[in-house]
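# Sequence and predicted structure, then a few things I'm wondering about:
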Amino acid sequence: MISRMDEDGLPAAAQALANAFMDDPLEKYTFPDEDERRAKAPGHFAAALRYGLKFGEVYAAADGAGASIWLKPGETEITPERAIEGGFGELPAVMGENAFNRFFTALNFAEEHHKRDASEHHWYTMVLGVDPAFQGRGYGRSLLEPVMDRARADGTPVYLETAQPKNVSFYEKMGFRVLRELVEPSSSLPMWTFRFDP
């Protein structure tokens, strides 16, 4: 069962996202050492979840299978003020300075295209992940549906990006179209941006 998450669900959701992204190319670039990734990823995703709870909406599976973080139309820009208020100021200490810099250099590159390709009001899928132990059971679709249904109802676009090649076909099946196939210059990571127009 998928429902709106509150603060009580944060630890389980952070661990589910950490598990989901263990083999994600961006997460591997951020934390090249697997042991460090395993240790620090939950704190990294906990910060994203807290930001989503404060400035957006978070949905999670009751059994801890996965979670999705959404930023609302008109509130998709992570301004410096919101980053501090939402707890991202603590991330260098949580992740380590080098990992923090790697991650946000790649994200800032993607954000340039986000601003260009979704300038009007839209939903932003900030994070979506399903623990590998639960993948293939429809959780990804279920974590998208609460907001996708609302987007269809009022005609609001949805935007997201991924650095995981195997996610491309999933999002296309969900009705998204690829906007750009990119290569982030500092990491050489491939990235894809997507948009869903109801």
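Noted; the coordinates are in hand. Since we're looking at a predicted model, the values are computed, not measured.
# does the residue most central in space within the chain sit in a helix or strand, and which one?
The residue lying closest to the centre of the chain (C-alpha atoms, centre = their mean) is Val127, at 1.6 Å. Assigned by DSSP states H and E, Val127 falls within strand 123-130.
# and that strand, how far from the chain's centre?
4 Å (C-alpha atoms, centre = their mean, to the nearest Å).
# contacting residues around the next helix or strand after that strand?
Using DSSP H and E, the helix or strand that follows strand 123-130 in sequence is helix 139-154. With C-beta atoms under 8 Å, 6 or more residues apart in numbering as the test, helix 139-154 has contacts from 2, 4, 57, 59-61, 65-68, 70, 123, 125, 128, 130, 156-158, 170, 174-175, 196, 198. Just so you know, the C-beta spots here come from the backbone N, C-alpha and C atoms, and that holds for glycine as well.
# Which of these fall in helices?
Phe170 (DSSP state H).
# Out of the contacts of helix 139-154, which end up buried?
2, 57, 59-61, 65-68, 70, 123, 125, 128, 130, 156-158, 174, 196 (16 or more other C-beta atoms under 10 Å).
# rewinding a little: relative to the strand holding Val127, what are the paired strands and their orientations?
strand 66-71 (antiparallel), strand 158-162 (parallel) (DSSP bridges).
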